[in-house]
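Colleague: Provide a 3D model corresponding to the input given below.
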Amino acid sequence: MGSVGRHDTVPSSVSGKFSEGTSWLGLTTSSYKYSLQDNYDVLGLTGQGGFGNVFLAQHRGTCMPVAMKELMKTEEQVACIMTEVAILKDVRHSKITQLLEVIQTKDKVHLVLEYVMGLNLGQEIFQTERQRLQEKDVQRIFRDILGAVHYRHQQCIVHGDLKPENVLIDTQGRAKVCDFGFGFWFLPGQKVTAPGGTPGYFASERILYEMYEGPPLDIWALGVILHEMINRTRLFCGEPSKVTENIIYEMVSYPDFFSMDTKNFIGNLRNRDPSMRPTAQKVLEHQWLQGVRPPSPPEPLPVPTKRAILSIWLGWISTH
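Modeller: All right, here's what the predicted structure looks like:
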């Protein structure tokens, strides 16, 4: 099969520069005369990352809270921005944060996203003073994440940067996967070169080889996340060289409270042979997850963007 590189991850239909006042990726983007202040009140900064900032904002017409992801229009970021929008523009899945609108100015692109009130999974695991997550909570959150991954794999899309910080946990304990900036499309059996991600969640083949299949990368990352959820510590952390060494040589220890079934389950997800890792569908069928409520089914595709905020608000207001 052919290979996929960084800039091949964006379909040809969405390649190119941002332009003023055009319909971009099926979503109506603003002209420079249309500002955030026309429709949104920005309430405060909620997160900072390597690519931009995330703000809490409120839609003026509906008073619905939204997450506002601010990204600079740079040559380095254009592929990631266009990829994320292309991946999210038609998604309405209960376990994936929804893109509501795209607003661009001369220098920036703002992604208006569904707001999830709560913590990210990294905060839930590492920054709270609570005891380890209960097994039933781990299973429920893991199945939510897995439901999103399975849905995307069915659509031939790899997330590419699964980690606790890219999983949002709402106040009801439900998980939603976010941040598809390093996502990419694949064909079954196709060898790829992944565009980016977080080294502590890299699969071993990504370090050892130039090309590999895409979906097993997400499965490996799921295994690392599950280990961290149960153990409440980072699995691969420290200096980059140490992280790489531990991944390559499988330098992992399990606490005594890990059952043999759990060890085997995580070990299968992080099998050094990617062809031996289960698919997301197979993981969903594993006995360790039986008895856990399944993820909600995908919702219908969204209405046109100019009505998207209103449509989402109607659903949001009915539950608040």
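Colleague: now the strands for the protein?
Modeller: Using DSSP state E, the strands of the chain run over 3-4, 23-24, 27-28, 40-48, 52-59, 65-72, 99-104, 108-114, 118-120, 157-158, 167-170, 175-177, 184-185, 191-192.
Colleague: let's have the ones you listed in TSV, adding mean neighbour count and mean pLDDT.
Modeller: Bear in mind the C-beta positions are built from the backbone N, C-alpha and C, glycine included. Shown next, in TSV, are these (neighbours: other CB atoms under 10 Å; pLDDT from 0 to 100):
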stretch	mean neighbour count	mean pLDDT
strand 3-4	16	44
strand 23-24	14	38
strand 27-28	20	43
strand 40-48	13	89
strand 52-59	19	91
strand 65-72	20	92
strand 99-104	22	88
strand 108-114	21	91
strand 118-120	18	92
strand 157-158	25	96
strand 167-170	22	95
strand 175-177	23	96
strand 184-185	22	94
strand 191-192	20	94
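Colleague: reformat those strands as TSV; add distance to I225.
Modeller: Below are the strands of the chain laid out as TSV (distance: least, CB to CB, whole Å):
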stretch	distance to I225
strand 3-4	24
strand 23-24	33
strand 27-28	30
strand 40-48	19
strand 52-59	21
strand 65-72	21
strand 99-104	23
strand 108-114	21
strand 118-120	12
strand 157-158	15
strand 167-170	8
strand 175-177	11
strand 184-185	19
strand 191-192	21
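Colleague: out of those strands, which is closest to Y254?
Modeller: Proximity to Y254, assessed across those by CB to CB, is greatest for strand 167-170 (22.2 Å).
Colleague: name the helices or strands packed onto the closest one?
Modeller: Counting contacts by 3 or more CB pairs under 8 Å, 6 or more residues apart in numbering; DSSP states H and E, strand 167-170 packs against strand 118-120, helix 121-122, helix 135-154, strand 175-177.
Colleague: so L36 makes contact with F55?
Modeller: No - look at L36 against F55 with CB atoms under 8 Å: they stay out of range, at 9.3 Å.
Colleague: so which helix or strand of the protein has the lowest pLDDT on average?
Modeller: Counting by mean pLDDT, DSSP states H and E, the chain has its least confident helix or strand at strand 23-24, which shows a mean of 38.
Colleague: most tightly surrounded among the helices and strands packed on strand 167-170?
Modeller: Looking across these with neighbours counted as mean count of other CB atoms under 10 Å, the highest average goes to strand 175-177: a mean of 23.
Colleague: how far does that one sit from the chain's center?
Modeller: 8 Å (CA atoms, centre = their mean, to the nearest Å).
Colleague: now what about that strand, what contacts it?
Modeller: With contact meaning CB atoms under 8 Å, 6 or more residues apart in numbering, strand 175-177 is reached by 94-97, 114, 116, 121, 140-141, 144-145, 148-149, 159, 162, 166-170.
Colleague: what is the neighbour count of M260?
Modeller: 8 (other CB atoms under 10 Å).
Colleague: do you know how far it is from R232?
Modeller: The gap separating M260 from R232 is 20 Å, by CB to CB, to the nearest Å.
Colleague: over to A79?
Modeller: Relative to R232, A79 is positioned 35 Å away (criterion: CB to CB).
Colleague: hang on, Y151 packs against K95?
Modeller: Yes - Y151 is within contact range of K95, at 7.4 Å (criterion: CB under 8 Å).
Colleague: domains in the protein, by residue range?
Modeller: As given by automatic domain parsing, the domain ranges for the chain are 11-115, 118-289.
Colleague: among those domains, where is the model least confident on average?
Modeller: Within the domains of the chain, confidence is poorest for domain 11-115, with a mean of 77 (mean pLDDT).
Colleague: and the contacts of stretch 270-289?
Modeller: With CB under 8 Å, 6+ apart as the criterion, stretch 270-289 contacts 139, 142-143, 146-147, 149-150, 153, 203-205, 212-213, 215-220, 222-224, 250, 261-262, 265, 268-269, 294.
Colleague: scratch that, stretch 132-149
Modeller: Counting by CB under 8 Å, 6+ apart, 93, 95-96, 121, 124-125, 159, 162, 167, 169, 173-177, 218, 222, 225-226, 229-232, 280, 283-284, 288-289, 292-296 sit against stretch 132-149.
Colleague: filter these to the buried ones?
Modeller: With burial judged by 16 or more other CB atoms under 10 Å, the buried subset of the contacts of stretch 132-149 is 93, 95-96, 121, 124-125, 159, 162, 167, 169, 174-177, 218, 222, 225-226, 229-231, 280, 283-284, 288-289, 292, 295.
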